[in-house]
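[1] Have a look; sequence and predicted model below, questions after that.
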Amino acid sequence: MASALVCHPSVGSVWLSNAVVQDGYVVGEVLDTSMVGSSYLPDDYWGEYVVMNFPVSCVRKWEEG
């Protein structure tokens, strides 16, 4: 699968893993670590992947592999 560096004004810069292009958008997974360290979750919680999509015009770098 591919990875993509995306820059978006409201989100900032993120790396999408397992990225694909569909209908003018790049769709991929981002590791969400915003809840790491929460007292409501186990100590070994490392985050979870969430699916995000952005317009193709936001892609700054594309890597195959």
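    Now that the structure is in, tell me what you want to look at.
[2] Spatially central, which residue of the chain would that be?
    residue 30 (2.6 Å; Cα atoms, centre = their mean).
[3] and the helix or strand hosting it, which residues are buried?
    Take DSSP states H and E as the rule and residue 30 turns out to sit in strand 25-32. For strand 25-32, the neighbour count (16 or more other Cβ atoms under 10 Å) marks 26-30 as buried. C-beta coordinates here come from the backbone N, C-alpha and C atoms, glycine included.
[4] Kindly report the same for stretch 15-22.
    By neighbour count with 16+ other Cβ under 10 Å, stretch 15-22 contains the buried residues 16, 19.
[5] What are the contacting residues of it?
    1-6, 26-31, 49, 52, 54, 56, 62 (Cβ atoms under 8 Å, 6 or more residues apart in numbering).
[6] measure residue 34 to residue 5 for me?
    20 Å (Cβ to Cβ, to the nearest Å).
[7] Look at the two and report which has more neighbours.
    residue 5 (15 against 9; other Cβ atoms under 10 Å).
[8] List the residues that contact that one.
    For residue 5, the contact set (Cβ under 8 Å, 6+ apart) comprises 13-16, 59-62.
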